[in-house]
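Asker: attaching a predicted model along with its sequence, questions to come.
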Amino acid sequence: VIDAEYFSQNDIARLRENGIREIYSYINIGSIESFRSYDTDFEKYTLGAYENWPEEKWIDVSAPEWQACTASRVDSLVQKGVDGFFVDNTDVYYNYPQESIYLFDADTGETLVEQNPDLPRCVASLTKMMTALLVLESGTDLNASITIPDSLTPELQSIRANRGHTIGLQAGESVRRIDMLYAMLLPSANDAASVIASDVSGGDLTAFVAQMNARAKELGCMDTTFSCVHGLYDYGNVSTAEDLAKIAAACYANETYMQAANTLTYTLPATNLHQNERTIKSTNLMLDPEYAYHRDYVRGMKTGFTTLAGRCFVTFAQQDGHTYGLVILGSDLDNIYKEASELLDWAFASFADRRLVDTTTPLTTVPLTKCRSAGAVELYAAEPVSGYGHADDKVTYSFAVPERVSATVKADAVLGQATVYLDGYEVGTVDLVTHQEYVSDFRTDLKSTLLLMAALVLLLAVLSCVTLVSGGSSLNRNRRRRANRK
């Protein structure tokens, strides 16, 4: 076995002359090494780093360009005279078998469940979330009608050739933008995505894709690259569960997006090329009351599927004033809604409002000076603090208090603030107050001195009275004695 890419036809012939009967060439089809001359040409199709081999990356073997390159290499090696191939890294799919899952608290941003959250993978029609977001953020009049230009015909033909779902749009057809938005988000019509993106970008889909990538970066998506407006073409169109959660959060904040995403069925009006109204239905089965995994708490968001991407789903869930977001990538039709319902059911059952801080338990102390009766001031929350979380979530604090205080300190005095955290996420702040008065030594000593002085004065007064009384009695007795003598 040799790497015949670095051997000439004559080199292989000489090997045979030296008695080697069968010569096989190494060929790598599931990954690409950085030292290959064509490495940079296929960077956009790489999926992730090869374990313990920094010079090699797994590659998307479904990309036609990579398949063509592999076929060309095979032909070239056969022409050199090899008898067969040692095919390496055919296990590429085994390195990306597990789903990506990202469940988060939409109110706090706290991650609740994650599995392969930062693994780049194909995301199919979840791409349309970004397309819809850019259309809505453009401020274009959604109720206005547009005419599909002839220049879009090759794109529409390509979508049909790739078996993408469509609503049968044609060049020359007049449609409303709002209808294209609903067609893109409910039945996931690829032609509707291309039509409305082309309209917003002045007919330049490439420019629109560039805007998609720029907006993704603005939202903090570091591992997302869009290559088309609808997600039908997997090649180079990748994101991660964590990145999609950021895009979904931006969509969730858009009222118009959510109004469409929460719609189960929608009526498309007749057009100049479609004589009758048509009813379209959402691919989000959790919105359907007749479906086994229907949930009233589900809010939108978007589904996706290609063979390479698998079943993909993004949704938000809202109940009792709390909201969760969920992203699942790379699942299958038998499991994706079951998993989604189980994860969201668990979240609502396991997390609840709970009292985190009461007003009767001291939270911290501050050293106290000039007070012999106490060495520190106990501080309590001025009011209770509650938060939403799991029963096992740990409550922690940070304090903004003085290094020390001097007596006298009054009861109910505010001496600082506490910031309360639940499982590391900030819940809120609360004033810290005292529950008793801490009297200074000076006041205590002065009071004691005054009391002692008062006691001494009283004692002296009593003694004076006693002396006076005693003295008067003696004088009267002496006078009586003198009178008797006379």
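Answerer: Structure's in. What do you need?

Asker: for the rest of this, base every contact and every neighbour count on C-alpha atoms.
Answerer: Will do.

Asker: contacts for the helix or strand hosting residue 300, please.
Answerer: For residue 300, the host element (DSSP states H and E) is strand 298-306. Residues outside strand 298-306 that contact it (CA atoms under 8 Å, 6 or more residues apart in numbering) are 123-126, 129, 185-186, 188, 232, 234, 248, 258, 261-263, 283-284, 286-287, 310-318.

Asker: return the subset of those lying in strands.
Answerer: 310, 311, 312, 313, 314, 315, 316, 317, 318 (DSSP state E).

Asker: what residues are bridge-paired with the fifth one?
Answerer: With DSSP bridges applied, residue 314 shows beta-bridge pairing to residue 302, residue 327.

Asker: thought it was touching residue 331?
Answerer: No - between residue 314 and residue 331 there is no contact under CA atoms under 8 Å: 12.0 Å.

Asker: give the contact list for the residue nearest to residue 395 when sequence neighbours are not counted.
Answerer: Leaving aside its sequence neighbours, residue 395 sits nearest to residue 422 (CA to CA, 6 or more residues apart in numbering; 4.7 Å). By CA under 8 Å, 6+ apart, the contact set of residue 422 is 387, 389, 393, 394, 395, 396.

Asker: do the same with residue 362
Answerer: Contact analysis of residue 362 by CA under 8 Å, 6+ apart lists 378, 379, 380, 381.

Asker: for the third one, give me its contacts.
Answerer: So the one you mean is residue 380. 359, 360, 361, 362, 363, 364, 432, 433, 434, 435.

Asker: on that earlier part again, out of the contacts of residue 422, who's the most crowded?
Answerer: For the contacts of residue 422, neighbours were counted using other CA atoms under 10 Å, and residue 389 has the most, 21 neighbours in all.

Asker: per-residue pLDDT, it?
Answerer: As summarised for this prediction, residue 389 has a pLDDT of 82.

Asker: hang on, it in a strand?
Answerer: Yes - assessed with DSSP: H, G, I helix; E, B strand; the rest coil, residue 389 lies in a strand.

Asker: pretty sure it contacts residue 356?
Answerer: No - judged on CA under 8 Å, residue 389 makes no contact with residue 356 at a distance of 9.9 Å.

Asker: low-scoring stretches of the stretch 1-150 of the chain, by residue?
Answerer: For the stretch 1-150 of the chain, residues meeting the criterion pLDDT under 70 lie at 62, 92-97.

Asker: which parts of it are strands?
Answerer: Using DSSP state E, counting those that start in this stretch, the strands of the stretch 1-150 of the chain run over residues 24-28, 31-33, 46-50, 53-59, 84-88, 100-105, 111-115, 121-122, 145-147.

Asker: now the angle between strand 46-50 and the fourth one, please.
Answerer: An angle of 150 degrees separates the directions of strand 53-59 and strand 46-50 when computed by axes from the mean of the first three to the mean of the last three CA atoms, to 10 degrees.

Asker: output strand 53-59 as CSV, nothing but the C-alphas.
Answerer: Extracted in CSV, the C-alpha atoms of strand 53-59 (Å, rounded to 0.1, in the frame of the first residue of the first chain):
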residue,chain,number,x,y,z
TRP,A,53,-4.4,15.1,14.4
PRO,A,54,-4.5,18.9,14.0
GLU,A,55,-3.4,18.8,10.4
GLU,A,56,-6.6,16.9,9.3
LYS,A,57,-10.3,17.7,9.3
TRP,A,58,-13.4,15.6,8.7
ILE,A,59,-15.2,16.6,5.5
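
Asker: next, count neighbours for the spatially closest residue to residue 49 that is not a sequence neighbour.
Answerer: The spatial neighbour of residue 49 that comes closest, neighbours along the chain excluded (CA to CA, 6+ apart), is residue 57 at 4.5 Å. The number of residues packed near residue 57 is 21, by other CA under 10 Å.

Asker: spit out the contact partners of residue 57.
Answerer: 31, 32, 33, 46, 47, 48, 49, 50.

Asker: quick check: the last one vs residue 242, distance?
Answerer: To tie it back to what came earlier, the one meant is residue 50. 21 Å (CA to CA, to the nearest Å).

Asker: looking at the two, which is more packed in?
Answerer: Remark: of residue 50 and residue 242, residue 242 carries more neighbours, 29 against 17, as counted by other CA under 10 Å.

Asker: how much space between that one and residue 390?
Answerer: Counting by CA to CA - residue 242 and residue 390 are separated by 22 Å.

Asker: check the secondary structure at the residue nearest to residue 316 when sequence neighbours are not counted for me.
Answerer: Distances taken as CA to CA, 6+ apart put residue 325 closest to residue 316, at 4.4 Å, once the chain neighbours are dropped. Assigned with three-state DSSP, residue 325 falls in the strand class.

Asker: residue 325 and residue 109 touch, don't they?
Answerer: No - under the criterion of CA under 8 Å, residue 325 makes no contact with residue 109, lying 9.3 Å away.

Asker: these two - which one has more neighbours?
Answerer: residue 325 (27 against 15).
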